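Participant: return atomic coordinates for the entry below.
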Amino acid sequence: MNRQAVVAYLDKLVTTPAYHDVLAILKGARNGFVYGARVRGPHALVMSLIFQSGSLRQRLAYVYRATKQHSLNLARFVAIYKTALLVQKSLAGGKQRKFDTFFAGLVGGWAVFGERNAVNEQIVLYVVSRVITSFLPRATPPVPSSASSASAPAAVSAPDGLPRPPGYPYPKPRAPHPKVFELYSALAWGMVMYLFREKRDRLHGGMVSSMQYLYLDSEVWNSFKTLLWPDSFASGKVGAGLRAVRTQGELQPARPLAAHIDEIMSSLNMATQVAKTVSSRGFASTSAVRLPPKPNSLAAMFASRKQMAAGNSDENAATGSANALAEVTLPRPDLRDLATLHPETVSKSAIGTPRAYPDEALQALKTLSLPQSLQKLHAMTSKPASVVRETTVELARVLDQARTESSESSRFILAGPEGSGKTMLLVQAASYAHSNGWVVLYLPSATATVDSSSAFSYSSDRALFEQPGLAADLLQRFSSANKAAFKSLKTSRARVFGEKEIASGKSLEELAKAGMSDDKLTTAVFEAVMEELAEQKERPVLLAIDHAQSLFSLSAYTDPSYERLHPYHLVIPRMLLDFTAGQLNFAQGAVVLAPSSRYLASSPPLSDFLSANSPKSGSDPLTSVYERGDVPEYSTYASILNSGVKPFLLPDRLNRKEAMGIVDLVKGWRGAREGESEAPLHQPTLSTHPLTSFVLPLAAVDDASFLERLVATDGNPRLFMRALSKNVAV
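Facilitator: Here you go, the predicted model:
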């Protein structure tokens, strides 16, 4: 099993819903460890440099111990807390009760933070202060929840008709009442100053040290220099440089600043010497040169094969096993003469011919990112290509018509069984549109927008959850892939984002850049860019979404109350659904979706929609009222699909010309062996099989092998190509 197969298996394993709760414990422990390191590491480093004495090695050791303890404690607490929640949920029949979080926190706090040490004491004090402060009266009344509000049915629906998040409106953090906070602050400071003076043994040691420096060390000095110059920070002890120590009634002078500087320089010199002894090689931008492998060793054999594969073999490598390897290693296929998939060549006469993607369109698609399956195919040659099918020509004509029409009348979803070529057709459509001057917004997988792979946060202004990282990534990809269009298109009006203002008449490229650097503005800028693209009429826009079934089922995100979110609770997926439903439209353009038949069962509304329009789609033709009739989400998704989305049907099988084209294409990818026909790919040598109407390229495969694989795969494009790729005769 190769590395890619292992990664694919692990990806499938960790995204299985049945393992979500268990894997959430692992992810929580990981986040606790990372957060602890981020918080404690810098804090401990600064405190050790300012307040601690000792050598540099001792200070770094302190930083390491404190960071390790903080990180591990947080990781342990999160793991125990989430495990306790899962156990209680299982015992309650899958339901989470009101006080489950309290008991889970009780167990975790006792097991992890019950041990008294400096790090745990600081964390507990931090938590206690927040808990006590939370009991103060608030300045504003609480926001009523959707469950208790009398106007809940009207409030949970947004202007576009899609539901709000399940906990809407989520309560905002409310500040304490100003007058109450004044009294609270005065009482807290009065009590802490009394304790410091009269009962300091009851206060935390770190706080006593800080207060000693502020209130007692400021009482003593012995010169003008020690009155103003803060040399205590160089001494490593609080107040040691400014403070004169009273010992048996005598006033001891402060330690000179020069002595502290000499100590620090000595520590740095020692650290430098240690670094030199660890590695005798000086710092360089390149790695150390490795010794050559021993002759006749296994490492020498692999090194020889690697050199030969790279074309760097010496004269001795031309014989023996190296020569044998060269006989079975095909040269990299040269497909520079392959016809290009220019828009004017997409016609019925081109059906069944392999066509290379135009260079500019291919570069744009690579910028937008292609599905992994196509990346593997394209890696086989320097000239990625595909076969023109009847559906390619039909979809091209659809795009030609949509060029001057609103996308409201040009919303399509590709329908066909697994392996029928939906992904390839969508890429061909994107290439065709880009070559025709369209703005192409291609998403290789809608799953990436809902699989919880991007950070998210709740926006009270939108009453939705934002994904700033995803928005910034899409802005960068869309802008780079459509560079010429984004430079030529201008903003229709001035836009203000916080302190940034984009004047009217600026390019969309400038508008997109405004949101790439600030997470707080990214979502608003992304919405503005999509709005500008929707309103302009200079260039048509194609919104192409692969793996679109993920937009019609539960996402992997959860809200603060641990409720699973639907895609329409997230800003970007909701926008994609609005364009699909016709709530948002491009003035000129089209919307094309391609669901994955393999994962179609995860979305009953989409499965039923395709079943009603394509009985051979492989989905369940019978709708169960017990599973779908009473589910509000089902009617929401069904209304989107029934709002005018048109199925674009793909045939189950290849026709004669298309099958020939795939054989020709696979043959070109595999390269030409010595002595075989050098005829161009689009002009193969032909023979006619006596029992069929298929015309076969002789240089590619014999008739029997061709028919065997065509029948075995039932003409399925993906399976047929896979069978040909494994055929040694090709």
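Participant: use CA for all of it now, contacts and neighbours both
Facilitator: Fine.
Participant: am I right that residue 386 is in a strand?
Facilitator: Yes - per DSSP: H, G, I helix; E, B strand; the rest coil, residue 386 lies within a strand segment.
Participant: neighbours of it, how many?
Facilitator: 23 (other CA atoms under 10 Å).
Participant: so what's residue 544 bridging to?
Facilitator: residue 442, residue 592 (DSSP bridges).
Participant: make sure it is actually in contact with residue 589.
Facilitator: No - using CA atoms under 8 Å, residue 544 makes no contact with residue 589, being 10.8 Å away.
Participant: more crowded one of the two?
Facilitator: Neighbours per residue, other CA under 10 Å: of residue 544 and residue 589, the larger number sits with residue 589, 30 against 23.
Participant: how near is the more buried one to residue 363?
Facilitator: With distances taken as CA to CA, to the nearest Å, residue 589 is found 22 Å from residue 363.
Participant: do residue 437 as well
Facilitator: Applying CA to CA to residue 437 and residue 363 gives a distance of 14 Å.
Participant: and if you look at residue 447?
Facilitator: 23 Å.
Participant: who has more neighbours, the two?
Facilitator: Applying other CA under 10 Å to residue 447 and residue 363 shows that residue 447 carries more neighbours, namely 20 against 15.
Participant: list the residues that contact the residue nearest to residue 356 when sequence neighbours are not counted.
Facilitator: Among residues not flanking residue 356 along the chain, residue 385 sits closest, at 3.9 Å (CA to CA, 6 or more residues apart in numbering). Residue 385 makes contact with 354-357, 378, 665 under the criterion CA atoms under 8 Å, 6 or more residues apart in numbering.
Participant: ok, residue 580 next?
Facilitator: Contacts of residue 580 (CA under 8 Å, 6+ apart): 411, 591, 640-641, 645.
Participant: can you list which of these are found in strands?
Facilitator: With DSSP state E as the criterion, strands contain 411, 591 from among the contacts of residue 580.
Participant: closest one to residue 423 out of the contacts of residue 580, please.
Facilitator: Nearest to residue 423 among the contacts of residue 580 is residue 591, at 14.7 Å by CA to CA.
Participant: gap between that closest one and residue 715?
Facilitator: 29 Å.
Participant: and the two? Which one has more around it.
Facilitator: residue 591 (27 against 22).
Participant: for that one, give me the pLDDT.
Facilitator: Note on residue 591: pLDDT of 97.
Participant: where in the stretch 51-200 of the chain is pLDDT low?
Facilitator: 142-160 (pLDDT under 70).
Participant: can you give me the strands for it?
Facilitator: With DSSP state E, counting those that start in this stretch as the criterion, the stretch 51-200 of the chain has no strands.
Participant: next one: the stretch 351-500 of the chain
Facilitator: Going by DSSP E, counting those that start in this stretch, the stretch 351-500 of the chain shows strands at 354-356, 385-387, 411-415, 439-443, 457-459, 464-466, 495-497, 500-502.
Participant: which stretch among these comes nearest residue 423?
Facilitator: Among the strands of the stretch 351-500 of the chain, the nearest to residue 423 by CA to CA is strand 411-415 (9.2 Å).
Participant: good, we can wrap up now.
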